[in-house]
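**Q** Following is a predicted model, sequence given first.
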Amino acid sequence: MNDLTAAVGLAQLEVMPGFIAGLRRKAALFDQAVEGCPWIKLQRGPEGAEHSFYHWAATLDESADGGPSLDEFKAAVKEAAFTAVSVGYTGMPAYKHPVISQRRARAFRAAENNGHSGRYEDGTCPAAERAVPRIILAYLVGPEETAQREADRLHSLVGRLGKG
């Protein structure tokens, strides 16, 4: 790293605590928006961990009473025209992306990977295959007003979809 890059990095470290505090405030808006909803499960680290909340994350639990199906929820999110909320993350586990599944990554040609097929069939990680499409994310890097608007919109959507 050159001196200029290091200087910028050091300056950013000074403002980082305030930036993270802002992300945490915005995440709290989304926590409040889904509070009491049995079919949205907040995603958190282990007890005692401090989250920086670059994204607010939750998972749709279709097995919970009174909740919508994944298709119903995705359609409602699309109709609500969120700007910072999405469902499904990348839509698939990493090993199903073409760079991996079609062996496009340079790593597949690296000598240390000789002997590894690099093939990942459906069912390689059934937990990921079930979870990834159900991940709900809110992008928190942006104005607090955007987070408030999006959290309010999510709260309305949850109330409208709640059947229990």
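**A** That came through fine.

**Q** so where is the protein shaky, pLDDT-wise?
**A** 113-118, 163-164 (pLDDT under 70).

**Q** So for the protein, the centremost residue is which one?
**A** Centroid check for the chain by C-alpha atoms, centre = their mean gives L137 as the closest residue, at 3.7 Å.

**Q** and the strand or helix carrying that residue, what other elements does it pack with?
**A** L137 belongs to strand 135-139 when assigned by DSSP states H and E. Packing partners of strand 135-139 (3 or more C-beta pairs under 8 Å, 6 or more residues apart in numbering; DSSP states H and E): helix 3-34, strand 55-60, strand 85-87, helix 144-161. For every residue, glycine as well, the C-beta is placed using N, CA and C.

**Q** so how far is the second one from its chain's centroid?
**A** What that stands for is strand 55-60. Taking C-alpha atoms, centre = their mean, to the nearest Å, one finds strand 55-60 lying 5 Å from the centre of the chain it belongs to.

**Q** Also the shortest one?
**A** Taking C-alpha atoms, centre = their mean, the mean C-alpha location of strand 85-87 is offset from the chain mean by 8 Å.

**Q** Tell me which strands that strand pairs with, and in which orientation.
**A** Paired strands of strand 85-87, with direction, are strand 135-139 (antiparallel) (DSSP bridges).

**Q** follow-up on the earlier one: of the helices and strands packed on strand 135-139, flag the one that's most buried.
**A** Ranked by mean neighbour count, the helices and strands packed on strand 135-139 are led by strand 55-60 with a mean of 22 (mean count of other C-beta atoms under 10 Å).

**Q** just checking, what packs against that one?
**A** Strand 55-60 packs on helix 3-34, strand 40-42, strand 135-139, going by 3+ C-beta pairs under 8 Å, 6+ apart.

**Q** buried residues in the shortest one?
**A** Within strand 40-42, the residues that qualify as buried by neighbour count (16 or more other C-beta atoms under 10 Å) are 40-41.

**Q** Please consider this matter closed, and thank you.
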